[in-house]
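Asker: Next come a sequence and a model predicted from it.
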Amino acid sequence: MSRISSMAYKKVDGMTIDDRRRSASNSRLYNRLHSLHSGRSASTNSSPFNSKAFQHTFSYDDSITGYLSKELREDAQYLALKYGMTSHQGGVSNLHSVREEMPVKVLNGSPGYINILDALNGWQMVKELREATGIPSAASFKHVTPAGAAIGIPLSEAEAAACMVSDLSLDTKKPSLAAAYARARGADRMSSFGDMIALSDKCDEATAKIISREVSEGVVAPDYDHAALSILVKKKGGNYTVFKIDPQYLPSETEERTIFGLKLRQKRNNTTINGETFANVVSENKELPKSVVNDLIVATIAIKYAQSNSVCIAHRGQVIGLGAGQQSRIHCTRLAADKAANWFLRQHPRVLSLPWRSNLKRSERATGIEMLIESGLGGEEERDDYFTQSVPPLTLEERSEWLKEREGVVLSSDGTFPANDNMEVVMQCGVRYIAQPGGSTKDQPVIDNANRYGVTLIHTGLKLFHH
């Protein structure tokens with residue numbers, strides 16, 4: 001007996017496949033299918049039976065596909081995961097593809113369920129960024145939302161210091177993948193701790209060196225050069241997850257997910273975001289420099305892959321503040337603005353010249369900086385754990401003076417930008433360009449506010465909800 005035919009006698013969920021066939025096919029359904037197959041006509045009264053019959057056969061085929069994928073254990077079609085979304089959801093966690101070859105391969109490590117979610121979402125995002133801007137791109141993903149994302153614009157001296165890569169010889173003349181990840185990781189270091197990294201281009205040694213110094217769960221890229229891979233596989237005691245994905249892979253136009261045993265199906269969100277997305281400027285101020293358009297692309301693609309509601313603030317090719325997963329878009333806006341302000345404050349001269357104690361971890365330095373920037377965090381004794389001398393936190397006056405010099409910053413919202421006082425809030429961290437879908441009954445108050453403050457307002461016509 002062949003291996004495939006013998007599987008009729010193997011059990012799936014406690015039943016043999018023959019058992020499933022008998023239980024799934026009553027005589028009426030069987031006769032109906034036989035009638036359809038033989039080409040005999042049927043009355044319109046039998047149409048409910050058509051639906052029931054095909055529901056049964058669909059469920060049957062789905063069970064067979066899942067079972068054969070697991071039983072045959074073909075690496076190109078089936079990938080076992082170490083556990084599900086949480087560690088107690090083990091035993092049946094897997095990723096499988098109905099295609100002849102799995103588009104993503106594990107070169108090292110043992111990924112979990114959330115690692116897969118972050119890797120696949122992150123890869124889609126950086127691929128889109130690369131296609132839209134023509135610049136190497138990177139993302140730092142945590143819990144299915146980008147903690148940071150960027151295109152590889154060379155870093156200034158202050159940006160390199162804020163991203164903790166001043167000691168590395170990154171290219172200061174042309175865009176690079178290393179600069180993209182340094183920016184993506186460096187904008188919100190607290191949120192990026194333990195991230196899944198997505199890279200648009202072949203990972204080189206310079207990028208791998210940055211990754212090697214950070215606490216991270218894994219990386220996905222279209223390829224790796226030999227030096228980069230040899231660095232990465234040593235992380236986490238040799239257990240660092242390294243994904244390689246086929247850059248030519250395109251999924252189906254429709255996507256499915258199963259919730260509570262029920263399947264949802266919809267058209268995949270494959271809308272293209274590029275410079276033309278921001279052509280409809282509705283404010284009196286129409287200015288949109290090329291650098292601003294790139295920033296708008298970065299911010300808008302970021303919210304496309306962030307849990308809604310989401311508001312993103314970007315500057316110089318990178319996300320500097322992302323408020324996501326909030327029920328209130330007002331709170332999203334405040335969260336994004338706070339993070340953007342922190343990014344700029346980390347480049348304050350007092351922060352860049354801190355008297356650090358020796359042998360501090362990078363994560364500890366990030367905590368020390370947060371204490372200095374946020375006056376309500378930690379007391380003097382706690383700050384002394386990080387510095388060789390007493391360092392007072394930044395005063396409100398220092399913060400205000402430094403932030404009021406920021407300008408040219410962009411914001412993109414996945415839904416209607418809240419009117420109220422939110423424009424004043426984001427202007428405090430330099431926002432001068434705002435993109436939102438438009439089409440709301442509350443559009444005019446937002447347009448009036450934009451004109452009052454000289455802000456350039458764009459209506460994209462795109463709502464970008466993501467869950």
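Answerer: Great, that's in hand.
Asker: Tell me the spacing between residue 169 and residue 160.
Answerer: 10 Å (C-beta to C-beta, to the nearest Å). Just so you know, the C-beta spots here come from the backbone N, C-alpha and C atoms, and that holds for glycine as well.
Asker: between those two, which one's more packed in?
Answerer: A count of neighbours by other C-beta atoms under 10 Å puts residue 160 above the other of residue 169 and residue 160, at 20 against 9.
Asker: mind checking which helix or strand the more buried one is in?
Answerer: In this structure, residue 160 is located in helix 157-162 according to DSSP states H and E.
Asker: Tell me the buried residues in that helix?
Answerer: 158, 159, 160, 161, 162 (16 or more other C-beta atoms under 10 Å).
Asker: Kindly report the same for stretch 312-330.
Answerer: Neighbour-count burial for stretch 312-330 flags 312-326, 329-330 (criterion: 16+ other C-beta under 10 Å).
Asker: same check, this time on stretch 286-299
Answerer: By 16+ other C-beta under 10 Å, the buried positions in stretch 286-299 come out as 288, 292, 293, 294, 295, 296, 297, 298, 299.
Asker: and those, which of them are in helices?
Answerer: Among those, the members falling in helices (DSSP state H) are 292, 293, 294, 295, 296, 297, 298, 299.
Asker: Am I right that the third one is in contact with residue 133?
Answerer: The one in question is residue 294. Yes: with the criterion set as C-beta atoms under 8 Å, residue 294 and residue 133 qualify as a contacting pair; they are 5.5 Å apart.
Asker: what's the overlap in contacts for the two?
Answerer: 151, 317 (C-beta atoms under 8 Å, 6 or more residues apart in numbering).
Asker: So residue 153 is in contact with residue 177, correct?
Answerer: No: checked against C-beta under 8 Å, the pair residue 153 and residue 177 is beyond contact range at 11.8 Å.
Asker: okay, and for the stretch 1-150 of the chain, where does confidence drop off?
Answerer: 1-78, 90-93, 96, 98-100 (pLDDT under 70).
Asker: Let's see that with 80 instead.
Answerer: 1-101 (pLDDT under 80).
Asker: can you check the stretch 251-400 of the chain too?
Answerer: 325, 374-384.
Asker: if we go to 70?
Answerer: Along the stretch 251-400 of the chain, the parts satisfying pLDDT under 70 run over 375-379.
Asker: Tell me where it has helices.
Answerer: With helices called from DSSP state H, counting those that start in this stretch, the stretch 251-400 of the chain shows them at 290-304, 329-345, 349-352, 362-373, 380-384, 396-403.
Asker: Can you show me the CA trace of the third one as CSV?
Answerer: I take that to be helix 349-352. Output for helix 349-352, consisting of C-alpha atoms alone and laid out as CSV, is shown next (Å, rounded to 0.1, in the frame of the first residue of the first chain):
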residue,chain,number,x,y,z
PRO,A,349,23.9,68.7,24.1
ARG,A,350,23.6,67.7,27.7
VAL,A,351,22.4,64.2,26.8
LEU,A,352,25.2,63.7,24.3
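Asker: elements contacting that helix?
Answerer: Other helices and strands packing on helix 349-352, by 3 or more C-beta pairs under 8 Å, 6 or more residues apart in numbering; DSSP states H and E, are helix 157-162, helix 362-373.
Asker: What of the second one?
Answerer: Taking 3+ C-beta pairs under 8 Å, 6+ apart as the contact definition, the neighbouring helices and strands of helix 329-345 are strand 310-315, strand 318-324, helix 362-373, helix 396-403, strand 409-413, helix 422-427.
Asker: between the ones you listed, which gets nearest to residue 116?
Answerer: Distances from residue 116 to each of the helices and strands packed on helix 329-345 were compared using C-beta to C-beta; the shortest belongs to strand 318-324, at 19.7 Å.
Asker: Now for residue 156, how many residues are close by?
Answerer: There are 12 residues near residue 156, going by other C-beta under 10 Å.
Asker: quick one: it from residue 353, how far?
Answerer: When C-beta to C-beta is the yardstick, residue 156 and residue 353 sit 16 Å from each other.
Asker: circling back: extract the C-alpha trace of the following helix or strand past the helix holding residue 160 and format it as CSV.
Answerer: Beyond helix 157-162 in the direction of the C-terminus, DSSP H and E gives the next helix or strand as helix 177-186. Once side chains and other backbone atoms are set aside, the C-alpha atoms of helix 177-186 remain, and they are given as CSV (Å, rounded to 0.1, in the frame of the first residue of the first chain):
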residue,chain,number,x,y,z
LEU,A,177,21.2,49.2,5.1
ALA,A,178,23.2,49.7,8.3
ALA,A,179,22.0,53.3,8.7
ALA,A,180,18.4,52.2,8.1
TYR,A,181,18.6,49.7,11.0
ALA,A,182,20.5,52.1,13.2
ARG,A,183,17.7,54.6,12.8
ALA,A,184,14.9,52.0,13.1
ARG,A,185,16.3,50.6,16.3
GLY,A,186,17.5,53.9,17.8
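Asker: Show me what the helix or strand that helix 177-186 is followed by is packed against.
Answerer: Beyond helix 177-186 on the C-terminal side, the first helix or strand identified by DSSP H and E is helix 189-192. Here helix 189-192 is seen to pack against strand 137-142, strand 145-151, helix 362-373 when contacts are counted using 3+ C-beta pairs under 8 Å, 6+ apart.
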